[in-house]
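Student: Compute the structure for the input listed below.
(one chain, ligands or ions: 2)
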Amino acid sequence: MTFDFHTHSFFSDGVLSPIELIRRAHVAGYRAIAVTDHVGLANMESMIREVAKDCALAEKHWGIKALPGVELTHVPAAAIGECARQAKSLGARIVVVHGETPIEPVEPGTNRAALMSSYVDVLAHPGFITTEEAQIAVVNDIYLEITARGGHSLTNGHVVKVGLAVGAKLIVNSDAHSPENIMKEGFAAKVAQGAGIPVEILESVLLNYPMELLKRLENKD
Ligand SMILES: [Zn+2]
Ligand SMILES: [Zn+2]
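Tutor: Ligands and ions are numbered 1, 2, ... in the order given. Modelled structure (predicted):
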């Protein structure tokens, strides 16, 4: 059973339509998927509206949990809180923030701004996250991502080390942009263990935290 709260359709730079992405995830054994295309203010409203249609269709006919969301990407750090609030008010069920990955010029301060917002659910690929930032994630109950995506994954080991030291909740996402990025059964466990998640907390990372997050997202209507 796989949970994946961070994927992309062709509404941003993914290659699949939302419904094909969800279909392939369903067939791969996913319990839940969030479609979280890259947004700033320009495309937020239309993207959420369109993706929500396919999510509703998939949920109705296939039983998979499919959540329309956003990944706030390269938004000015000072505007993240307001953009996250707007995304939720426009119907996004989940707000992911594109964190300070080591491979892109994400504005410094993005991790912190995301973790300070009560409208943000997941900080994706947070790069060289600091202990202080990870502590804010704990206090504000925001999930930190261990990513299956090449490049962003360079700092997974660091994220796990810093996150575990303060008791942060870590989850695995695919950040899928194409069909082959959809995680096969058991792949999330490899990503987690490869990043240094000890076997004793593997179930929390793969199952308990994702189920808890899903419950929270479903209750926020
Ligand atoms: Zn990202
Ligand atoms: Zn992404």
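
Student: for Ala124, what are its contacts?
Tutor: Contact analysis of Ala124 by C-beta atoms under 8 Å, 6 or more residues apart in numbering lists His6, Glu71, Val96, Val97, His98, Gly99, Glu145, Thr147, His152, Asn173, Asp175. Bear in mind the C-beta positions are built from the backbone N, C-alpha and C, glycine included.

Student: Same list (the residues you listed) but as CSV, adding pLDDT.
Tutor: CSV is the format used below for those (pLDDT from 0 to 100):
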residue, pLDDT
His6, 99
Glu71, 98
Val96, 99
Val97, 99
His98, 98
Gly99, 98
Glu145, 99
Thr147, 98
His152, 98
Asn173, 98
Asp175, 98
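
Student: Name the residues of the chain found near ligand 2, please.
Tutor: Residues of the chain lying close to ligand 2 (C-beta under 5 Å from the ion) are Glu71, Asp175.

Student: Check the gap between Ser204 and Ile171 for me.
Tutor: Distance, Ser204 to Ile171, by C-beta to C-beta, to the nearest Å: 9 Å.

Student: Same drill for the two, tell me which one is more crowded.
Tutor: Set Ser204 next to Ile171 and count neighbours by other C-beta atoms under 10 Å: Ile171 wins out with 24 against 16.

Student: burial of the nearest residue to Asp141 once chain neighbours are set aside, as a residue count?
Tutor: Once flanking residues are discounted, Asp141 sits nearest to Lys169: 7.5 Å by C-beta to C-beta, 6 or more residues apart in numbering. For Lys169, the neighbour count with other C-beta under 10 Å is 19.

Student: cool, Ala134 as well?
Tutor: Applying other C-beta under 10 Å, we find 25 residues neighbouring Ala134.

Student: is it true that it lies in a helix?
Tutor: Yes: per DSSP: H, G, I helix; E, B strand; the rest coil, Ala134 lies within a helix segment.

Student: That one is in contact with Gly163, isn't it?
Tutor: Yes: in this structure, Ala134 is within contact of Gly163 by C-beta atoms under 8 Å, at 5.3 Å.

Student: anything in contact with each of these two?
Tutor: Joint contacts of Ala134 and Gly163 (C-beta under 8 Å, 6+ apart) are Leu144.

Student: Quick check: which element contains the residue lying closest to Ile33 once chain neighbours are set aside?
Tutor: Excluding its sequence neighbours, the residue lying closest to Ile33 (C-beta to C-beta, 6+ apart) is Ala25, at 4.5 Å. Take DSSP states H and E as the rule and Ala25 turns out to sit in helix 18-27.

Student: Fine by me, thanks again.
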